[in-house]
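Q: could you look at this predicted model? Sequence included:
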Amino acid sequence: MPDHPIHIVPHPGRLRVLWNGKVVADTIDALTLHEASYPGVHYIPRVDVDMTLLTVSPLKTHCPYKGEANYFSIGSERETAQNAIWSYETPKPSVTEIAGYLAFDPKHVEFVEDNSS
């Protein structure tokens, strides 16, 4: 949509996602989604995420541009980040590349990038 552009590009290099110092995801296949004037969002392939650390949340939201988002929380015995991760299981046709990927809220996790070749 011209009034709400979305561009998806491969992330250049390795990207790790940490929560409280623990590696939650480690990939060389991340995508970065740039939507309108919002900051880019990293999407990590589900196969590169430690899904044992996540719990399914009942929250669902709808984006008119990407579709229905499902949420996950991440936690330990001491702390939980509610709805800190989301995915579009059946995204709209214009963003099908993000199907099977998870996005992490940067307010709850740390991204560690390695763009060296």
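A: Arrived safely. None of these values were measured; they are calculated from a predicted model.

Q: what lines up beside whatever helix or strand residue 73 lives in in the sheet?
A: In the assignment (DSSP states H and E), residue 73 maps to strand 67-75. With DSSP bridges as the test, strand 67-75 is paired with strand 54-63 (antiparallel), strand 80-87 (antiparallel).

Q: mind listing what's buried along the longest one?
A: Yep, that's strand 54-63 we're talking about. residue 54 (16 or more other CB atoms under 10 Å). Just so you know, the C-beta spots here come from the backbone N, C-alpha and C atoms, and that holds for glycine as well.

Q: tell me the centre residue of the chain?
A: Nearest to the mean C-alpha position of the chain, counting by CA atoms, centre = their mean, stands residue 103 at 0.8 Å.

Q: OK, contacts around the closest residue to residue 28 other than its chain neighbours?
A: Leaving aside its chain neighbours, residue 28 sits nearest to residue 14 (5.1 Å; criterion: CB to CB, 6 or more residues apart in numbering). Contacts for residue 14 (CB atoms under 8 Å, 6 or more residues apart in numbering) come out as 26, 27, 28, 113, 114, 115.

Q: for the residue nearest to residue 5 when sequence neighbours are not counted, phi and psi?
A: Distances taken as CB to CB, 6+ apart place residue 36 nearest to residue 5, at 6.3 Å, with adjacent residues excluded. Main-chain dihedrals, residue 36, degrees, to the nearest 10: phi 50, psi -130.

Q: about what we covered before: same list (the strands paired with strand 67-75) but as JSON lines, adding distance to residue 44 and mean pLDDT.
A: JSON lines is the format used below for these (distance: least, CB to CB, whole Å; pLDDT from 0 to 100):
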{"stretch": "strand 54-63", "distance to residue 44": "12", "mean pLDDT": "96"}
{"stretch": "strand 80-87", "distance to residue 44": "9", "mean pLDDT": "96"}
